[in-house]
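Peer 1: Build me a model from this:
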Amino acid sequence: MSDQLSVDLPGWSPEADTALAQLVEQRAASRMYAKDATLWGPDAEQESAIRLGWTECHTVSRPLLAEIDALRADLAGEGVDHVVLCGMGGSSLAPEVITGSAGVELTVLDSTDPEMVQRALADRLERTVVVVSSKSGSTVETDSQRRAFLGAFEQAGIEGKRRIVVVTDPGSPMSDLATSAGYRRVFHADPNVGGRYSALTAFGLVPSGLAGADIATLLDDAEAVVADLARDDESNPALRLAALLTAAHDAGREKLVLGEGTIDGVAGLPAWAEQLVAESTGKLGRGILPVDVDQAAASSVGWHEPADTITRAAIGTDPSGEAQVVTAGTLGGLFQFWESAIALVGIGLGINPFDQPNVEEAKNAARALLDAPQDSGDDPDPAFTDGSVQVFADAALLGDASDLAGVLAAAREAVPPGGYLAVMAYLDRTGADADAAGLRSALGGDQPFQVTFGWGPRFLHSTGQYHKGGHPNGAFLQVTGAIEEDLEVPDRPYTFGSLITAQAAGDLAVLADKGFPTLRLHLTDRATGLQQLLAAATASALTPQ
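Peer 2: All right, here's what the predicted structure looks like:
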């Protein structure tokens, strides 16, 4: 197994020995791969019974390979060689890693920001095929993106239905629509696999294969590790990682810093692992909070370890030499390993790793705002404005803060003991606002708590579950921006600008209703406001509490 997977756990503890022995005694690995739905307890049995198909994707997904190759050849023959993926959460994160690792181009549209959508619509439309991926078939972001592309194709004189490929579950609304509308192709994914475990299903393979990634080898490499991951033996690396994480969580260290090292053929895996960990474990007031840090931060401030941090995990060679978990190998092997280990963590934490009970809360709040939109004049007045940044927060949270430096200090002070600060940016992640990701390391420094960063609305499908269902010790800093050029959603009573605004407002309202400290910074001018915010975060010289 060494070629496909290498796992080193220098952070091992006596408590992990105990947790490992329990998993082996339960025959947890073999029962999981035998699809034993009773493994996670009676409350999880109904959901688990329809969510264990991922254990055999390396076999079940094989027939897709020839179908994807044939469609790619047909499209190439028509001069269509630019692949756009419209998908959220598990529908986009795995393909992004697969194609990034393979060095092939895939445009991932996982945002409702009007500028990001408009940029995708304007890029080589005459050569574009759009993969619309939604497990439920009713994801509002994906449906809105589909409508926008169909409108753009029509305006350009292109037969839109010939340029749409759908990936969804059988019987979903999107499946019915695609069939009745005559879309180019419908790929049905395995309905017994949840979104975050779907890397090796049609959701991961179709867009990646159409873009030119070697998806056959991906399945081969996953298959090569399955026998070892299914063994009820103390040497099983998935059992060992699950035991280490469970023991650390029980000791009060419930945060996992994910840094990317160097592995040939693997790039960007921490972002995928972040969703897997957060959405699988963050529920019932328990869970593991993943903190995805960039490679530069991993060798400096990003690797700091407050007392409540579980461990530092490196995907590949550890940049700092201090990680307590180091995994390396092939991408297919790593997908299978992390899925196995995190599903097993659910046993020790006493949670169902396959549901996501809190994800719908923010969606419902956003839908309510879209159904009953408020005039801009009804928006609350900011507490104050500093340059191009409006500040919205309760007076009690802000205290005597009167500028951005004071606001950021107030955000730090709002973090509960043993908690974390989540920065949530509803901005254009691939365009002019990309620098906002630097807020995580700028605000983190050597603080005695972790700082996470998520792009909205895509994080709603991943860490959003942990925010609302995991350990209730978060403080939340939301960043929004003025919509400078809005874009209509065809045949819908809202624009992309009003959609992303509703999603941000709905999410923050749910968090506030749960009693969490919340703060919103609105950039009235995105370019100057963002640079102003980054400068304040860097210059405020926040020192440990």
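Peer 1: And the lowest mean pLDDT element among the helices and strands of this protein?
Peer 2: None of the helices or strands of the chain scores lower by mean pLDDT, DSSP states H and E than helix 295-298, at a mean of 49.
Peer 1: Run a quick neighbour tally on residue 191.
Peer 2: Counted by other CB atoms under 10 Å, the residues lying close to residue 191 total 16. For glycine as for every other residue, the C-beta is placed from the backbone atoms N, C-alpha and C.
Peer 1: Would you check that it makes contact with residue 170?
Peer 2: Yes: contact between residue 191 and residue 170 holds when scored by CB atoms under 8 Å: they sit 6.1 Å apart.
Peer 1: How about residue 246: what's its closest non-neighbour residue?
Peer 2: Spatially, and ignoring its direct neighbours in sequence, residue 246 is nearest to residue 348 (3.2 Å; CB to CB, 6 or more residues apart in numbering).
Peer 1: Shouldn't that neighbour be within a helix?
Peer 2: Yes: assigned with DSSP: H, G, I helix; E, B strand; the rest coil, residue 348 falls within a helix.
Peer 1: I'd guessed it sits against residue 241; true?
Peer 2: No: between residue 348 and residue 241 there is no contact under CB under 8 Å: 11.3 Å.
Peer 1: neighbour count winner among the two?
Peer 2: Neighbour totals were compared for residue 348 and residue 241, and residue 241 leads with 25 against 19 (other CB under 10 Å).
Peer 1: Enumerate every residue touching that one.
Peer 2: By CB atoms under 8 Å, 6 or more residues apart in numbering, residue 241 lies in contact with 7, 9, 325, 327, 337, 341.
Peer 1: so where does the last one fall, helix or strand?
Peer 2: Think residue 341. Per DSSP states H and E: residue 341 is located in helix 331-349.
Peer 1: List the buried residues in the following helix or strand past that helix.
Peer 2: Later in the chain than helix 331-349, the nearest helix or strand by DSSP H and E is helix 359-371. Neighbour-count burial for helix 359-371 flags 359, 361-363, 365-366, 369-370 (criterion: 16 or more other CB atoms under 10 Å).
Peer 1: And stretch 423-443, by the same measure?
Peer 2: The neighbour-count check on stretch 423-443 (16+ other CB under 10 Å) flags 423-430, 433, 436-443 as buried.
Peer 1: Among the residues you listed, which lie within helices?
Peer 2: Of the buried residues of stretch 423-443, the ones assigned to helices by DSSP state H are 439-443.
Peer 1: how about CSV for those residues, with pLDDT and distance to residue 249 added?
Peer 2: Below are those laid out as CSV (pLDDT from 0 to 100; distance: CB to CB, whole Å):
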residue, pLDDT, distance to residue 249
439, 94, 27
440, 92, 23
441, 88, 25
442, 90, 28
443, 91, 25
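Peer 1: show me where pLDDT drops low in the protein?
Peer 2: For the chain, the stretches flagged by pLDDT under 70 are 1-2, 262, 294-323, 373-379, 540-545.
Peer 1: Would you mind giving the domain segments of it?
Peer 2: Using automatic domain parsing, the domain ranges for the chain come out as 57-218, 359-539.
Peer 1: so where do the helices sit in the stretch 1-150 of the chain?
Peer 2: Secondary structure of the stretch 1-150 of the chain (DSSP state H, counting those that start in this stretch): helices located at 14-25, 28-33, 42-48, 57-60, 62-77, 90-102, 114-121, 140-155.
Peer 1: In stretch 478-489, which residues are buried?
Peer 2: Neighbour-count burial for stretch 478-489 [16+ other CB under 10 Å]: 478-481, 483, 487, 489.
Peer 1: swap in stretch 443-456?
Peer 2: For stretch 443-456, a neighbour-count test (16+ other CB under 10 Å) marks 443-445, 447, 449-456 as buried.
Peer 1: Then stretch 244-258?
Peer 2: Residues 244-249, 253-258 are the ones in stretch 244-258 that count as buried (16+ other CB under 10 Å).
Peer 1: now do stretch 228-247
Peer 2: Within stretch 228-247, the residues that count as buried by 16+ other CB under 10 Å are 228-231, 236-247.
Peer 1: Quick one: end-to-end distance for stretch 252-265.
Peer 2: Across its full length, stretch 252-265 reaches 35 Å end to end, with CA to CA, to the nearest Å as the criterion.
Peer 1: Give the closest residue to residue 242 in space, chain neighbours not counted.
Peer 2: residue 344 (3.6 Å).
Peer 1: Spit out the contact partners of the one you found.
Peer 2: 23, 28-29, 32, 238-239, 242.
Peer 1: Closest to residue 522 out of the residues you listed?
Peer 2: residue 242 (41.8 Å; CB to CB).
Peer 1: Could you report the distance from the closest one to residue 334?
Peer 2: According to CB to CB, to the nearest Å, residue 242 and residue 334 sit 15 Å apart.
Peer 1: what's the answer for residue 391, then?
Peer 2: 42 Å.
Peer 1: How about residue 208?
Peer 2: 15 Å.
Peer 1: can you check residue 140 too?
Peer 2: Residue 140 is 31 Å from residue 334, by CB to CB.
Peer 1: Repeat that for residue 64.
Peer 2: Relative to residue 334, residue 64 is positioned 20 Å away (CB to CB).
Peer 1: So those two - more neighbours on which side?
Peer 2: Neighbour comparison, residue 64 and residue 334: the larger count goes to residue 334, with 29 against 21 (by other CB under 10 Å).
Peer 1: Make sure I have this right: residue 292 is in a strand.
Peer 2: Yes: Residue 292 forms part of a strand when assessed by three-state DSSP.
Peer 1: What about the residue lying closest to residue 60 once chain neighbours are set aside, how many residues nearby?
Peer 2: Closest residue to residue 60 apart from its sequence neighbours, by CB to CB, 6+ apart: residue 190 at 6.2 Å. Counted with other CB under 10 Å, residues neighbouring residue 190 total 19.
Peer 1: Is residue 190 located within a helix, as I assumed?
Peer 2: No: counting by three-state DSSP, one finds residue 190 to be coil, located in no helix.
Peer 1: what's near enough to touch it?
Peer 2: The contact partners of residue 190, taken as CB under 8 Å, 6+ apart, are 53, 57, 60-61, 198, 201-202.
Peer 1: of those, closest to residue 274?
Peer 2: Among the contacts of residue 190, residue 198 lies closest to residue 274 (CB to CB), at 15.5 Å.
Peer 1: right, and the closest one touches residue 92 too?
Peer 2: No: with contact defined as CB under 8 Å, residue 198 does not reach residue 92; the gap is 10.7 Å.
Peer 1: can you tell me how far residue 121 sits from residue 71?
Peer 2: For residue 121, the distance to residue 71 - CB to CB - is 22 Å.
Peer 1: same question, residue 166
Peer 2: In terms of CB to CB, residue 166 sits 12 Å off from residue 71.
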